[in-house]
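# Just need the structure, nothing else, for what follows:
(one chain, ligands or ions: 1)
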Amino acid sequence: MSQPATVAVIGAGITGLTAAFRLHQRGLQVKVFERSTRVGGAIRTIREDGWLAEAGPSSLMFGAPELKQLVRDLGLEPRLLTANPAAKKRFIVCGGKFVPVPMSPGAFLATPLFGARTKLSIFTELLTRPRVRTADLSLAELVRSHFSQTLVDYAVDPLIAGIYAGDPEKLSVRHAFPSLWEAERSHGSLLRGMLAAAKAKKARGESSGPAPLVSFAGGLQTLPDTIVAQLPPGAVALNTAVETIIPGRPHRIVWQDAAGQRQSGEFDTIVLALPASALAQLTFGTLGERPLASLDAIHHPPVSSLFLGYRREQVAHPLDGFGGLAPGIEHRDVLGILFSSTLFPGRAPEGHVGLTVFAGGMRQPEHARLATPQLLERIGRDLRELVGASGAPVFVKHSFWPKAIPQYQLGYESHLETMTRLEQAHRGLFLGGQVRDGISVPDCVKAGHRLAQAAGVAAS
Ligand SMILES: Cc1cc2nc3c(=O)[nH]c(=O)nc-3n(C[C@H](O)[C@H](O)[C@H](O)COP(=O)(O)OP(=O)(O)OC[C@H]3O[C@@H](n4cnc5c(N)ncnc54)[C@H](O)[C@@H]3O)c2cc1C
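Numbers count the residues shown, from 1 in each chain. Model (predicted):
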């Protein structure tokens with residue numbers, strides 16, 4: 001009997017692990033290489049003294065079929081937690097306090113977030129004719145041209161701070177928001193385009209509303225940990241940094257093992273599931289070429305996430321929602337505050353609440369780099385004024401992400417072309433994840449499926 005084909009998966013974040021799980025299911029022999037001491041990459045749950053804090057992502061949009069199938073196949077459905085329905089309520093800082101985001105036409109007309117011109121623009125935008133743009137534009141420019149600057153300031157800017165820790169003046173519509181790019185091309189009006197997309201989803205039998213937010217009873221780390229538990233023993237090598245790929249048939253990989261020794265091995269196919277900075281460092285061939293070096297130019301702002309635990313009576317706000325985001329125009333020191341213990345049960349001990357504060361990003365990168373005491377001092381005013389926090393938190397977990405999230409900025413196509421060129425140059429080598437396929441965890445799970453399919457076909 002012939003030996004099963006061998007696949008090297010490089011990077012044990014959710015992209016690489018999803019790919020490894022699917023490849024293993026296809027009967028291929030998989031080896032996962034991970035530079036750090038743990039699996040999950042940006043997904044990291046901290047459990048301590050009755051608290052459960054997420055250092056990276058806190059929740060997932062549970063809409064992508066690939067994510068639902070993965071959760072089902074891993075047997076994780078019983079451990080899935082759906083966010084508290086109260087979390088539908090979200091806040092935006094306006095005039096120095098949290099104001100609810102309007103969720104109905106009546107609330108939209110009454111909200112102090114937008115003036116009369118912006119409110120009127122929602123109706124006139126519906127009449128916009130289709131236009132074919134040839135040049136990409138920034139998200140802020142697109143929204144300004146369809147609605148108003150106020151909508152950019154009080155809706156788009158805080159949303160982008162929350163998702164990308166980014167700047168809407170720099171993010172590309174074509175690459176970061178392809179559905180809006182498409183909506184404008186096919187409908188003219190972004191609103192009509194979004195309504196049509198929701199209708200099409202409904203016609204396919206899918207829910208037309210936003211996907212529910214989910215996590216697991218043990219936090220999001222459950223997902224990578226469960227994948228590893230279902231791979232054969234020894235399939236994942238930790239503390240193992242891949243340095244060089246020598247393409248050929250088979251491909252040769254050179255890595256440094258946990259003891260610092262250089263090792264090498266041969267594989268039929270390779271899946272690269274690494275962040276941009278790691279891809280940029282990889283050498284190819286024997287001459288030390290770095291064909292992905294230009295990916296180092298992709299901007300990744302630093303972010304600090306601070307999980308803060310308080311006794312319930314220390315926080316005056318009812319915390320009756322998902323949390324709140326701060327528009328840049330309001331000049332706050334936080335990007336946003338998540339009401340983590342409202343979102344899911346089991347995040348704080350009885351009689352306590354947990355908040356997750358994000359600071360830094362494209363807006364104030366210097367805040368992200370502060371040491372914990374200085375950061376706590378810096379955000380103290382926001383905590384007092386926005387949620388009525390008093391006294392020192394009783395539990396603090398500070399996670400610093402020096403290169404948090406890749407910014408799909410204008411001109412991103414040059415990076416996508418670099419990645420495509422590498423794949424085209426080397427048969428049996430595939431690349432994906434947050435740098436190429438979208439930054440959310442569901443996007444990365446989809447990327448893992450795509451990579452496994454491609455690598456599986458190439459190996460058969
Ligand atoms: C603070 C923060 C909050 C976020 N919040 C959300 C959220 O609420 N919801 C959401 O959907 N998404 C969120 N995201 C985004 C999402 O978590 C990430 O985009 C996603 O997890 C990336 O997965 P990945 O597998 O592509 O990359 P990574 O998770 O970065 O994994 C790559 C892995 O490769 C390893 N590696 C690097 N170099 C080498 C090498 N040479 N050899 C071997 N291994 C190597 C790394 O150690 C790492 O484990 C958040 C991200 C951050 C940072």
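# can you count the residues close to the closest residue to Ala12 other than its chain neighbours?
Excluding the flanking residues, the one nearest Ala12 by Cβ to Cβ, 6 or more residues apart in numbering is Glu34, at 3.7 Å. Heads up, the C-betas are built off the backbone N, CA and C, glycines and all. Using other Cβ atoms under 10 Å, Glu34 has 25 neighbouring residues.
# List the contacts of Glu34.
Shown in contact with Glu34 (Cβ atoms under 8 Å, 6 or more residues apart in numbering): Gly11, Ala12, Gly16, Val236, Ala237, Leu238, Asn239, Thr240.
# Narrow these to those in strands?
Per DSSP state E, strands hold the following members of these: Val236, Ala237.
# wait, which of the contacts of Glu34 is closest to the ligand?
Gly11 (3.1 Å; Cβ to the nearest ligand atom).
# so who does the residue of the stretch 51-200 of the chain found nearest the ligand touch?
Nearest residue of the stretch 51-200 of the chain to the ligand, counting by Cβ to the nearest ligand atom: Pro57, 3.1 Å away. By Cβ under 8 Å, 6+ apart, the residues touching Pro57 are Ala42, Ile43, Leu220, Val441.
# among the residues you listed, which are within reach of the ligand?
Ala42, Ile43, Val441 (Cβ under 6 Å from any ligand atom).
# surely the second one meets Val441?
In other words, Ile43. Yes - with contact defined as Cβ atoms under 8 Å, Ile43 reaches Val441; the gap is 6.9 Å.
# hey, what's in contact with both of the two?
With Cβ under 8 Å, 6+ apart as the test, Ile43 and Val441 both reach Ile14, Pro57, Leu220, Leu223.
# what's around the third one, how many residues?
So the one you mean is Leu220. By other Cβ under 10 Å, 24 other residues sit near Leu220.
# again, but for Pro100
Residues near Pro100, counting by other Cβ under 10 Å: 16.
# Show the pLDDT at it.
We note a pLDDT of 96 for Pro100 in this prediction.
# ok, now the one 10 residues further on?
Here the pLDDT value assigned to Ala110 is 94.
# ok, Val101 touching Val93?
No - using Cβ under 8 Å, Val101 is not in contact with Val93, being 11.2 Å away.
# more crowded one of the two?
Neighbour comparison, Val101 and Val93: the larger count goes to Val93, with 25 against 22 (by other Cβ under 10 Å).
# Tell me which two of the contacts of Pro57 sit farthest apart.
Ala42 and Leu220 (9.6 Å; Cβ to Cβ).
# Can you check which residues contact both of those two?
Common neighbours of Ala42 and Leu220 (Cβ under 8 Å, 6+ apart) are Gly56, Pro57.
# and the residue of the stretch 251-400 of the chain found nearest the ligand, what helix or strand is that in?
In the stretch 251-400 of the chain, the residue that lies nearest the ligand is Ala278 (3.3 Å; Cβ to the nearest ligand atom). Per DSSP states H and E: Ala278 is located in helix 276-281.
# Which elements pack onto that helix?
With contacts defined as 3 or more Cβ pairs under 8 Å, 6 or more residues apart in numbering; DSSP states H and E, helix 276-281 has no helix or strand neighbours.
# quick one: secondary structure of the residue of the stretch 301-450 of the chain found nearest the ligand?
Per Cβ to the nearest ligand atom, Gly433 is where the stretch 301-450 of the chain lies closest to the ligand, at 3.0 Å. With DSSP: H, G, I helix; E, B strand; the rest coil as the basis, Gly433 sits in coil.
# Check the gap between Arg185 and Phe344 for me.
38 Å (Cβ to Cβ, to the nearest Å).
# Turn the contacts of Glu34 into TSV, columns for distance to the ligand, neighbour count and pLDDT.
Shown next, in TSV, are the contacts of Glu34 (distance: Cβ to the nearest ligand atom, whole Å; neighbours: other Cβ atoms under 10 Å; pLDDT from 0 to 100):
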residue	distance to the ligand	neighbour count	pLDDT
Gly11	3	26	98
Ala12	5	26	98
Gly16	6	31	98
Val236	11	22	98
Ala237	9	17	97
Leu238	9	15	97
Asn239	10	15	96
Thr240	6	19	97
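# Which members of the contacts of Glu34 are the farthest-apart pair?
Longest span within these, Cβ to Cβ: Gly16 and Asn239, 15.4 Å.
# Residues contacting stretch 394-405, please?
42, 44, 46, 48-49, 51, 53, 55-56, 164-166, 275-277, 300-311, 352, 354, 360-361, 368-369, 372, 375-376, 434, 439.
# Which members of those occur in helices, if any?
Ala276, Ser277, Ala368, Thr372, Leu375, Leu376 (DSSP state H).
# Look up phi and psi at Pro4.
phi -70, psi 150 (degrees, to the nearest 10).
# you'd agree it is up against Gly27?
Yes - here Pro4 lies in contact with Gly27, judged by Cβ under 8 Å, at a distance of 5.7 Å.
# neighbour-wise, which of those two wins?
Ranked by neighbour count (other Cβ under 10 Å), Pro4 and Gly27 place Pro4 first, with 14 against 11.
# Give me the pLDDT for Lys199.
So Lys199 comes in at 89 (pLDDT).
# Can you list the buried residues in stretch 165-180?
165-177, 180 (16 or more other Cβ atoms under 10 Å).
# Quick check: residues of this protein near the ligand?
Residues of the chain lying near the ligand by Cβ under 6 Å from any ligand atom: 10-16, 33-36, 41-43, 56-60, 241-242, 273-275, 278, 303, 305, 401, 404-405, 433-434, 439-441, 444.
# Just the buried ones from those?
Counted by 16+ other Cβ under 10 Å, the residues of the chain next to the ligand give 10-16, 33-35, 41-43, 56-60, 241-242, 273-275, 278, 303, 305, 401, 404-405, 433-434, 439-441, 444 as buried.
# So what does the residue nearest the centre of the chain have for phi and psi?
Nearest to the geometric centre of the chain sits Ser440, at 3.1 Å (Cα atoms, centre = their mean). Torsion angles at Ser440 (phi, psi; degrees, to the nearest 10) stand at phi -80, psi 160.
# With Glu243 instead?
Torsion angles, degrees, to the nearest 10, at Glu243: phi -110, psi -40.
# that's a helix at Ala19, yeah?
Yes - the assignment for Ala19 is a helix, going by three-state DSSP.
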